[in-house]
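J.: A structural model of the following input is requested.
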Amino acid sequence: MNRHKYPVAAALCALLAGSALLHAKETEHEDSKSDTAAEEKDNKSHLRHFADESQASSGSITVAGRKVVYQAEAGVLVIHQKDPLDDDPPPPGEHDGKQLPEATMSYVAYFAGDHENAQRPITFLFNGGPGSSTVWLHMGAFGPKRVLTKDDSHSPAAPYKLIDNEYSLLDASDLVFVDAPGTGFSHLRGTDKEKAFYGVDEDAHAFANFIVKFLARHGRWNSPKYLFGESYGTTRASVLSYVLENEKSLDLNGVILLSAFLAMDDSADAPQFNPGVDQPYVLALPTYAATAWYHHKLPNQPAALEPFLAEVEQFALGDYWHALMEGSKITPEHKAAIAAKIHEYTGLPQQYLEQANLRVNGGEFDKTLQGAETTTGRLDSRFSGPTLDPMSKEADYDPQSAAISSAYVSAFNDYVRKTLKFGENKIYKEEIDVEKTWDFLHQPPGATFKVPASMNVMPDLAAAMKQNPNLKVQLNGGYYDLATPFFAAQWELRQLPMQQSLQANTETHFYTSGHMVYAHEPDLKALHDNVAAFINKTHE
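T.: This next block holds a predicted model:
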């Protein structure tokens, strides 16, 4: 899922032929003018090729009074459409006078100890977007250093504080934070370069090629292997797990999903453009309830959150869904009764709910919950901010993204150059705009072509688990995540098309935070402990 805003205009850009609408794109940061000029120059110089780069360094952190030493490597790897191991060194790269597309993918890897140990687990981590770098997981969750931000309010401007991360996953696994093609320090080159790398399937193949090239370079083929994806990164991880098994003969030990998004039809961002598919409203209701509970907007405030959510979930899957399925046949009395119940669970005015035909999307909820002057956060609904336009129908921005993005991006740009000694005279792109070029059509397992329907990667994850019945999957999510609601993620996991017995290979953990669970320190600790335990028990 994308990061910054809700507007309908952005959502319309993501319509697919015969598909449901993709979630609204959040504010993106365009490439700098100098970066664009470099790309144009590259296109004219079609005989030029990228080259692998890397810079090694070492460091240490103090965790619970104990010194932890690690080795670091920051760099870029060149990725082709074909298997990089077959094309190393790369060919001249021309076909009919045009340069074949290629990309660099930037990364930062950490290896615990005085030297790299091939017996340790290795985890490849990535954020999503699509079009997002992995600065968020790197600087907020599991890297050896993390940036401090306010818990549920706007963080002050620089200077930002970078501290030793006692919750780094280095205690359980070596870590490789990977930026998607075109993000971070990455670049694309060649004819039809966006078409080659910007799409559900194309992106997964690029990551597969990156992973096998990295494993070969570092002699890690026999290490226990894990994927950790956040948001659209969970979409990527689902497809990637299948691609690695079937095209690279590489079984994974585990797949870790944070703030999962596996089926576009379940998104609460713009379901109004997909009438007849009402499950987004149903699956988002528990998150609306949790948010109203947090902000004390309920007419009768329950003492505890989780028992309250269990009650809301039962209503959502029962009376609420049945009422929505009645469509225009619902009676005014029945509509009023359901609206009254939703008001009890969300605090939204009953008249507003009836006028909305019992269907309120995420942006409308964020704009309405706390009144015309205050907008509720999307990625983390504990956050609030001043409303940009009190007369707007939906939220115009995400207060949580506005509150913490500068801290993450500024801290990383300083850290990567001064500590990791990489990126001098390079521009780091934390986000890029790929909406207009991204191919959301997907060829699921068993299909012979890309299916002209709303994207759904549940078949990929299920097929990977069936073909590798030892593969374990861990789902993590936040109760206050309106971008990828926790109940929708749980629903998707339960709907995986596979044998019931394989559900025993899945586990779920939910936290009192939002999309970026790790932005709330108590939940960062819990997330670390759950993921570390998952890794430790799945590679012995």
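
J.: just checking, Phe365 touches Tyr352?
T.: No. Counting by Cβ atoms under 8 Å, Phe365 does not reach Tyr352; the two are 10.4 Å apart. Where you see a C-beta, it was placed from the backbone N, CA and C, and this is true even at glycine.

J.: what about these two, which has more around it?
T.: Set Phe365 next to Tyr352 and count neighbours by other Cβ atoms under 10 Å: Phe365 wins out with 25 against 14.

J.: Quick check: pLDDT value at the nearest residue to that one once chain neighbours are set aside.
T.: In this structure, Phe365 finds its nearest non-sequential neighbour in Tyr288, 5.5 Å apart by Cβ to Cβ, 6 or more residues apart in numbering. Reading off the confidence values, Tyr288 has pLDDT 98.

J.: For Tyr288, grab the count of nearby residues.
T.: Tyr288: 27 neighbours (other Cβ under 10 Å).

J.: tell me the SS of it?
T.: With DSSP: H, G, I helix; E, B strand; the rest coil as the basis, Tyr288 sits in helix.

J.: show me the contacts for it.
T.: Tyr288 makes contact with Tyr345, Thr346, Leu348, Val360, Phe365, Leu369 under the criterion Cβ atoms under 8 Å, 6 or more residues apart in numbering.

J.: tell me which element the fifth one is part of?
T.: Translated: Phe365. Assigned by DSSP states H and E, Phe365 belongs to helix 362-368.

J.: list the helices and strands that helix packs on?
T.: If you count contacts as 3 or more Cβ pairs under 8 Å, 6 or more residues apart in numbering; DSSP states H and E, helix 362-368 packs onto helix 279-294, strand 374-376.

J.: Check which strands are paired with the shortest one and give the direction for each one.
T.: In the sheet containing strand 374-376, its partner strands are strand 384-386 (antiparallel), by DSSP bridges.

J.: do you know how far the residue nearest to Phe365 is from Val282?
T.: As judged by Cβ to Cβ, to the nearest Å, Tyr288 and Val282 stand 11 Å apart.

J.: Tell me how many other residues surround Met458.
T.: Per other Cβ under 10 Å, the neighbour tally for Met458 reads 17.

J.: Any figure for the gap between His515 and Ser155?
T.: 16 Å.

J.: likewise Ser513?
T.: Ser513 is 15 Å from Ser155, by Cβ to Cβ.

J.: more neighbours, those two?
T.: Relative neighbour count places Ser513 above the other of Ser513 and Ser155, with 26 against 19, counting by other Cβ under 10 Å.

J.: what about the strands in the stretch 151-300 of the chain?
T.: For the stretch 151-300 of the chain, the strands defined by DSSP state E, counting those that start in this stretch cover 162-164, 174-178, 188-189, 225-230, 254-258.

J.: okay, the angle between the longest one and strand 254-258?
T.: Computed by axes from the mean of the first three to the mean of the last three Cα atoms, to 10 degrees, the angle separating strand 225-230 from strand 254-258 equals 10 degrees.

J.: Look up how far Gly514 lies from the spatially most central residue of the chain.
T.: Taking Cα atoms, centre = their mean as the criterion, Ser231 is the residue nearest the geometric centre of the chain, at 2.0 Å. Distance of Ser231 to Gly514, given as Cβ to Cβ: 11 Å.

J.: Neighbours of the nearest residue to Pro399 once chain neighbours are set aside, how many?
T.: Nearest residue to Pro399 in three dimensions, chain neighbours excluded: Gly385, at 3.2 Å (Cβ to Cβ, 6+ apart). Residues near Gly385, counting by other Cβ under 10 Å, number 19.

J.: Go ahead and confirm Leu77 touches Ala109.
T.: No. The pair Leu77 / Ala109 is not scored as a contact, 10.6 Å apart, by Cβ under 8 Å.

J.: what sits in contact with each of these two?
T.: Joint contacts of Leu77 and Ala109 (Cβ under 8 Å, 6+ apart) are Phe214.

J.: what separates the helix or strand containing Ser57 from the chain centre, distance-wise?
T.: Per DSSP H and E: Ser57 is located in strand 53-63. Using Cα atoms, centre = their mean, to the nearest Å, the mean C-alpha position of strand 53-63 is found 26 Å from that of the whole chain.

J.: Can you tell me what sits against it?
T.: Contacts of strand 53-63 (Cβ under 8 Å, 6+ apart): 67-76, 144-145, 164-166, 168, 171, 419-422.

J.: Restricted to strands, list these.
T.: Among these, the members found in strands (DSSP state E) are Lys67, Val68, Val69, Tyr70, Gln71, Ala72, Glu73, Ala74, Gly75, Val76, Lys145, Asp164.

J.: Now the contacts of Tyr288 in TSV, please, with extra columns for pLDDT and distance to Glu394.
T.: Output for those, formatted as TSV (pLDDT from 0 to 100; distance: Cβ to Cβ, whole Å):
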residue	pLDDT	distance to Glu394
Tyr345	98	21
Thr346	98	16
Leu348	98	14
Val360	97	10
Phe365	97	9
Leu369	96	12
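
J.: which among these gets closest to Lys537?
T.: Distance to Lys537 across the contacts of Tyr288 (Cβ to Cβ) is lowest for Tyr345, with 37.1 Å.

J.: Surely the closest one touches Glu313?
T.: No. The pair Tyr345 and Glu313 fails to qualify as a contact (Cβ under 8 Å) at a distance of 10.4 Å.

J.: ok, those two, which is more surrounded?
T.: Tyr345 (25 against 18).

J.: May I have the strand holding Ser57 exported as PDB, CA atoms only?
T.: This file holds the C-alpha atoms of strand 53-63, laid out as PDB (Å, rounded to 0.1, in the frame of the first residue of the first chain):
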ATOM      1  CA  GLU A  53      28.800  -1.400  -6.300                       C
ATOM      2  CA  SER A  54      29.300  -2.000  -2.600                       C
ATOM      3  CA  GLN A  55      31.000  -0.600   0.500                       C
ATOM      4  CA  ALA A  56      31.800  -2.700   3.500                       C
ATOM      5  CA  SER A  57      32.000  -1.400   7.100                       C
ATOM      6  CA  SER A  58      31.700  -2.600  10.600                       C
ATOM      7  CA  GLY A  59      29.900  -1.500  13.700                       C
ATOM      8  CA  SER A  60      28.600  -2.300  17.100                       C
ATOM      9  CA  ILE A  61      25.600  -1.600  19.200                       C
ATOM     10  CA  THR A  62      24.900  -2.000  22.900                       C
ATOM     11  CA  VAL A  63      21.900  -4.100  23.800                       C
END
